[in-house]
Every structure is written in structure tokens, then in C-alpha cells.
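> Give me a 3D structure for the following:
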Amino acid sequence: MMNLLLLLLMCFISYSETVSGIKGGTVSLSCGSEDREIVDISLISRLKHIPVCVNKNCSGRVFKEGSCDVVITDLIYSDAGKYFLHVYYNNDQTEVERQILEYHLHIHDEISVQKGEDLELDVLLINADKVERSSSSGWTELWTRGHGVSSDRLTDRDETLIIHEFTVNDTGTYRVLDSDNEVWITVTVTESILDSKGNLSDTDEDDTDDTEHRHYWMLTVVLGILILMVLRVLIDVMIDRLRHRGPVYRLI
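Numbering: from 1, shown residues only. I've put the predicted structure just below:
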């Protein structure tokens, strides 16, 4: 009886995988059944059926590739979560069987914020259990379901976590977890500053520019000192020659 229950459980979820994609990018849910005669596929997330286009020419963001792989394009935060891909295929006896594959889709992103501005993380708090930020002592909870934000500098509004008056101490990695401590969204936040043209630039790039400027300045100073030393030597040689020349006679 126990073996039968285990067999039924294996038939229900035959495969599980965690996939990761960049916000705005593309991710593929591979079915691994290219050698089978696929009859149909169905994608389900949060108990909802996700329409799957049959080719890339469809207007939707989710389409089938190959015999049963599913590709999701233009990833957004709300795409993060658990998916079940139902693959229907003919077996050796030409009977239709079903295989269910489970995927955990993780979305990661990188953003930069200018000092003093508000940092808005539209990370869909309605589907989250908590939001954490990395720190020297580990992960610090910023927001939890049922308790809200952890400080006066934070606000949760319209599924968005807002950090007021961004400072350099707010840089780092933020992550969104569900009730099972599964990480669905990861956001890396850096500080941006205004460059000489008034455009925003990352602090890392600005540090690189400052380093290059310092190198050019040091090279200019060294070259200037070398030129002065050469000129000083030439002047000393000319003065020494004039001192050792004999009297000059002119015929009148």
C-alpha cells in the first residue's frame, strides 16, 4: 500500500527545478520530453491557467518552443512564483498520459537610486511573507506580513515597499520570501550620483573616473618635473661654458 502511494505521488510531480531570470529578460521552462509524441501542454500558476502561445509570433509573453518547452519573455516581478507544467503525451500503447513538472521561478534585478530620493521596491507585497536586506550581521527583516514595516523610514503602500530619503547605508541586496522561506525576488541596490553633465551615474563608475583623473594628474606632474630638471641641466651647462671661454677681441 505504501509503495502504491509513493508511486502515485511520483506520477503527480515527476520533476522539480528552480529557474532564475533577470527582470525584463527571458526564461525557459524545459519539459525534457522532446522524444515523446506530445499531445498538449498546460501551464498553471497560483491555481490559474496561463495562456501559452503556440509560437513566437503570438502577442503574449508566454509561448511554446520546440515540442513542449515554455518560454516567458519580458519578465516582471509578478512572474516570480511556482509553476506547474502539465505535459500530455502518447505512450507506447497510444494512450494519453500526463506528466507534471514543477518550477520555482526566481526574478532578480539591479537598480540605482540617488541619495536623498525615495527607494520604491514594487515587489508585490500581496504575495510576499517578508522582505529582508543583507547586512554585516546577516539578513535584516524590513517588512513582514501581519506586522508591516520595521522602522519609521519605511512605508508599505500599493504592494510597494518604500524607503524614504535613501542613503549609502541603504545600498545592498534585498530579497522577497514567501511563507515557506522560498526566495522569489532579489534586488541589488546601488547609489547613483550626478556627473558633471547632470546625468545620473553609478558610484562605481564615478569612482573609476576619479581614479583615471588622478592617474592623468600624477602623470602630468611627473612629466613637468622631468622637463624642469632637463632645462635646469641645460642652463647649468650653458653657464659653465660661458665662464670658461676666453676674452673676446674685436678688430677695429
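> Thought Asp129 was touching Ser179, still the case?
Yes: at 4.4 Å, Ser179 counts as touching Asp129 under the criterion of CB atoms under 8 Å. Where C-beta positions appear, they are placed from N, C-alpha and C, glycine not excepted.
> Could you check which of those two is surrounded by more residues?
The neighbour comparison of Ser179 against Asp129 (other CB atoms under 10 Å) goes to Asp129, with 17 against 9.
> Would you map the strands across the stretch 101-250 of the chain?
119-121, 130-135, 138-144, 148-149, 154-157, 160-163, 172-177, 183-194, 200-202 (DSSP state E, counting those that start in this stretch).
> sorry, back to before: give me the common contacts of Ser179 and Asp129.
Arg145 (CB atoms under 8 Å, 6 or more residues apart in numbering).
> re earlier: out of the strands of the stretch 101-250 of the chain, which comes closest to Lys82?
Among those, strand 183-194 comes nearest to Lys82, with 8.9 Å by CB to CB.
> Dead centre of the protein: give me the residue that sits there.
Asp109 (3.3 Å; CA atoms, centre = their mean).
> If we ignore the residues flanking it in sequence, what's nearest that one?
Using CB to CB, 6 or more residues apart in numbering and skipping residues adjacent in sequence, the residue nearest Asp109 is Lys23, 4.0 Å away.
> neighbours around that neighbour, how many?
17.
> Give me the distance from stretch 85-102 to the chain's centre.
A distance of 36 Å separates the centroid of the chain from that of stretch 85-102, by CA atoms, centre = their mean, to the nearest Å.
> Could you list the buried residues of it?
Of all the residues in stretch 85-102, those buried under the rule 16 or more other CB atoms under 10 Å are 85-89, 99-102.
> Pull that stretch out as PDB, backbone CA atoms only.
Only the C-alpha atoms of stretch 85-102 are listed here, as PDB (Å, rounded to 0.1, in the frame of the first residue of the first chain):
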ATOM      1  CA  LEU A  85       3.600  22.400 -16.500                       C
ATOM      2  CA  HIS A  86       1.200  19.600 -17.500                       C
ATOM      3  CA  VAL A  87       2.500  17.600 -20.500                       C
ATOM      4  CA  TYR A  88       0.100  15.300 -22.200                       C
ATOM      5  CA  TYR A  89       1.700  12.600 -24.400                       C
ATOM      6  CA  ASN A  90       1.100   9.300 -26.100                       C
ATOM      7  CA  ASN A  91       2.700   6.200 -24.500                       C
ATOM      8  CA  ASP A  92       3.700   3.100 -26.300                       C
ATOM      9  CA  GLN A  93       0.100   1.900 -26.300                       C
ATOM     10  CA  THR A  94      -1.000   5.200 -27.900                       C
ATOM     11  CA  GLU A  95      -2.800   6.100 -24.700                       C
ATOM     12  CA  VAL A  96      -2.600   9.700 -23.400                       C
ATOM     13  CA  GLU A  97      -0.700  10.100 -20.200                       C
ATOM     14  CA  ARG A  98       0.100  13.200 -18.200                       C
ATOM     15  CA  GLN A  99       3.400  14.300 -16.700                       C
ATOM     16  CA  ILE A 100       3.500  17.200 -14.200                       C
ATOM     17  CA  LEU A 101       6.700  19.300 -13.800                       C
ATOM     18  CA  GLU A 102       7.200  21.900 -11.100                       C
END
